[in-house]
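# what's the 3D shape of this:
(one chain, ligands or ions: 1)
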Amino acid sequence: MLLLEKNAMTEEIELLVKKHGNSRSALLPILQDIQRKHKYIPDFAQQEIARLLDIHPVEIYSVISFYAFLNTHPKGRNIVRLCQTITCDLAGKENVAKAIERELGIKFGETTKDNRITLEYVNCLGMCDQGPALLVNERVYPKVSPEKAIQILNEIK
Ligand code: FES
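Numbers count the residues shown, from 1 in each chain. Below is the predicted model:
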C-alpha cells in the first residue's frame, strides 16, 4: 500500500489548530502565525485552515484582505506602508509618496526587484495629528517629509 506523506503545510496547520483550538476565534492567531513564518498566507494554507476550522474559504480570504498585516502573496523583506487617509493626505502624503516612488523606482503596490521593499498604502495608523504617517514593518514614523522618507528608506537593510 502506498503511504502518502502528509504535506508539510497541512502538518503545520494541524499543529497551529492544536495550539489555538479549532473555534472561529482561532482563525486570526493561526493566520498571524503563518504570516509571521512564511511572510504570506499561501492558497493551500487558506484551504487547509478552512477545512480544519470548518469555515468557508471565502471567509478566510476576506479576513486576510481586511487586515493590512496579512498577505496572500509573498512580499519584500520590508514592508513600507504610507497612510492614505484624509488627514495624512492633507498633511502632504502625496509628496512623500512621490519621493518614495522616485527613490525606489517602483509604485505603491509593487516590490523592488531585489525583494528588499514592498510599498503599500494603508488606512489610518492612529497618528492623525502627526501626519503624514509611515509604517515601516512594525515601527511608525510620524510627520514624515519627503526628505525624511528617503532617509528612512536608506536605513532599511
Ligand atoms: S489619517 Fe493618517 S494616521 Fe490617521
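# for the most centrally placed residue in the chain, which non-adjacent residue is spatially closest?
Ranked by distance to the mean C-alpha position of the chain (C-alpha atoms, centre = their mean), the top residue is residue 69 at 3.2 Å. Setting aside the residues directly before and after it, residue 69 is nearest to residue 35 in space (C-beta to C-beta, 6 or more residues apart in numbering), at 6.8 Å. For every residue, glycine as well, the C-beta is placed using N, CA and C.
# contacts only, for that neighbour.
Residue 35 makes contact with 41, 69, 70, 71 under the criterion C-beta atoms under 8 Å, 6 or more residues apart in numbering.
# neighbour-wise, which of those residues leads?
Taking other C-beta atoms under 10 Å as the neighbour criterion, residue 41 ranks highest of the contacts of residue 35 with 22 neighbours.
# local confidence estimate at it?
Looking at residue 41, its pLDDT stands at 94.
# so who does it touch?
If a contact means C-beta under 8 Å, 6+ apart, then residue 41 has 31, 34, 35, 64, 70, 71, 72 as its contacts.
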